[in-house]
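Q: fold the following and give me the result.
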Amino acid sequence: MPITLPDLRGRTAVVTGASDGVGVEIARGLAGAGADVVLPVRNRAKGERAVARIRETHPDARLTLRDLDLARLDSVAALADALRSDRAPIDLLVLNAGIVLLGDPERHVTDDGFELHFQTNFLGHVALTTQLLPLLRERAPGGAEPRVVVQCSLAAGVSRVDWDDLQSARRYRPLRAYGASKVALGLFGCELARRSAAGGWGVGVQLSHPGVVPDTGIAPALRARAKGGAQHGVARFVGNTPERAAESALLAAVAPATPGAPDLFGPSGLLHFGGPAARQRPYRRITDPADGTRMWAVAERLLAQRVRPA
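A: Residues are numbered from 1 along each chain as shown. The predicted structure follows:
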């Protein structure tokens, strides 16, 4: 049975990766509960189609499209500047966007000089979150606690970061790069929670993962090759629809948060591939405080340097 969200009227939510897949359903759920939802998108045409889809079920939804390409730090900065110029507090930031280039053996590097998974899934979200922290901390008196929801992945539970090869320059495989980027994002989320608690920022943090979602655009090359195949069929059998998969992030958005110690919400079915969303134990490899501090420092250094290819 779908989860029931509280009344979110008067609250503003920003959802990355909301132009298709799970992100559309996260935005739909928040809009249906009355929130003003900002959809930062890389492709405006897809964003407009997402808005139309949401308004099919919620005609009065308050939706705003913005431009964002997480693989370009200037785009991240432009969005943050635009939202700050609005002078409106942000109540909820959902770091949902992600990419995994399964089926593509080539290592891709962004114009900023970073491996594509590393920047899109991790570094771009770090830049966006830290630049929006002033808006997240501008809570109205008596208002609900602002919240950051960090969308991790099952891959974060079985992957590791190689501190000597964070961007898979020496040993690249798409799934390895994806998993490492999601571990890095989880470490950042847990460290954000600790820093908020220690510094009195008043920003809550929760983690989520959608399970396995066959009907999503996150791995287009693999989907094109596996469509109709046995592997795709197994995923359909044990995985989630985008609507059900969105429940993890939606539950993380409204469930009470423990200061400094995020919970993880994900599907409760077989192997956590699918099923209703439920509270789970966070993956050990993303909760280590020393690794969290180290990853935060790495992100700060890389964002300050913004190394560009020659």
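
Q: and the lowest mean pLDDT element among the helices and strands of this structure?
A: Ranking every helix and strand in the chain by mean pLDDT, DSSP states H and E puts helix 220-226 at the bottom, with a mean of 45.

Q: tell me which residues of stretch 239-246 come out buried.
A: Residues G239, N240, P242, R244, A245, A246 are the ones in stretch 239-246 that count as buried (16 or more other Cβ atoms under 10 Å). All C-beta atoms are positioned from the backbone trio N, CA, C, and that covers glycine.

Q: stretch 129-149 too?
A: For stretch 129-149, the neighbour count (16+ other Cβ under 10 Å) marks 129-133, 135-137, 139, 146-149 as buried.

Q: for those residues, which one is nearest D111?
A: The nearest member of the buried residues of stretch 129-149 to D111, counting by Cβ to Cβ, is Q131 at 18.7 Å.

Q: gap between the residue nearest to that closest one when sequence neighbours are not counted and G21?
A: Distance criterion Cβ to Cβ, 6 or more residues apart in numbering; nearest residue to Q131, sequence neighbours excluded, is A80 at 3.7 Å. Going from A80 to G21 by Cβ to Cβ, to the nearest Å gives 24 Å.

Q: likewise C152?
A: Going from C152 to G21 by Cβ to Cβ gives 16 Å.

Q: more neighbours: those two, which one.
A: C152 (26 against 22; other Cβ atoms under 10 Å).

Q: residue contacts, that one?
A: With contact set as Cβ atoms under 8 Å, 6 or more residues apart in numbering, C152 has these partners: K182, L185, G186, G189, L207, S208, H209, L264, Y283, I286.

Q: which residues in the stretch 201-310 of the chain form helices?
A: For the stretch 201-310 of the chain, applying DSSP state H, counting those that start in this stretch gives helices covering 220-226, 230-238, 242-254, 289-305.

Q: can you check the stretch 1-150 of the chain too?
A: Applying DSSP H, counting those that start in this stretch to the stretch 1-150 of the chain gives helices spanning 21-32, 44-57, 73-85, 116-117, 124-136.

Q: show me what the shortest one is packed against.
A: Applying 3 or more Cβ pairs under 8 Å, 6 or more residues apart in numbering; DSSP states H and E, we find helix 116-117 packed against helix 174-199.

Q: buried residues, the helix it packs on. List them.
A: Neighbour counts over helix 174-199 (16+ other Cβ under 10 Å) mark 174-197 as buried.

Q: for the closest residue to R176 other than its chain neighbours, phi and psi?
A: Using Cβ to Cβ, 6+ apart and skipping the chain neighbours, the partner closest in space to R176 is S168 (6.3 Å). Note on S168: backbone dihedrals following degrees, to the nearest 10 are phi 50, psi 40.

Q: burial check on S168, number of neighbours?
A: By other Cβ under 10 Å, 19 other residues sit near S168.

Q: what does E300 give?
A: 12.

Q: got the contact list for the residue lying closest to V158 once chain neighbours are set aside?
A: Of all residues not flanking V158 in the chain, G179 sits nearest, at 6.9 Å (Cβ to Cβ, 6+ apart). Contact partners of G179, counting by Cβ under 8 Å, 6+ apart, are S153, A155, A156, V158, S159, R160.

Q: list the residues that contact the third one.
A: Which is A156. Contact analysis of A156 by Cβ under 8 Å, 6+ apart lists G179, K182, V183, L185, G186, H209, Y283, R285, I286.

Q: let's see it at 7 Å
A: A156 makes contact with G179, K182, V183, G186, Y283, I286, according to Cβ atoms under 7 Å, 6 or more residues apart in numbering.

Q: which of these lies closest to H272?
A: When those are compared for distance to H272 (Cβ to Cβ), Y283 wins out at 10.9 Å.

Q: quick check: closest non-adjacent residue to that closest one.
A: Leaving aside its chain neighbours, Y283 sits nearest to G157 (4.3 Å; criterion: Cβ to Cβ, 6+ apart).

Q: what separation do you get for the closest residue to A127 other than its chain neighbours and R42?
A: The shortest distance from A127 to any non-neighbouring residue, by Cβ to Cβ, 6+ apart, is to V76 (4.7 Å). Distance of V76 to R42, computed by Cβ to Cβ: 11 Å.

Q: so those two - more neighbours on which side?
A: V76 (26 against 18).

Q: A97 versus the more buried one, what's the distance?
A: 11 Å.

Q: list the residues that contact both of those two?
A: L70.

Q: who's in contact with the nearest residue to A257 once chain neighbours are set aside?
A: Of all residues not flanking A257 in the chain, G204 sits nearest, at 3.6 Å (Cβ to Cβ, 6+ apart). G204 sits next to E145, P146, R147, A257 when contact means Cβ under 7 Å, 6+ apart.
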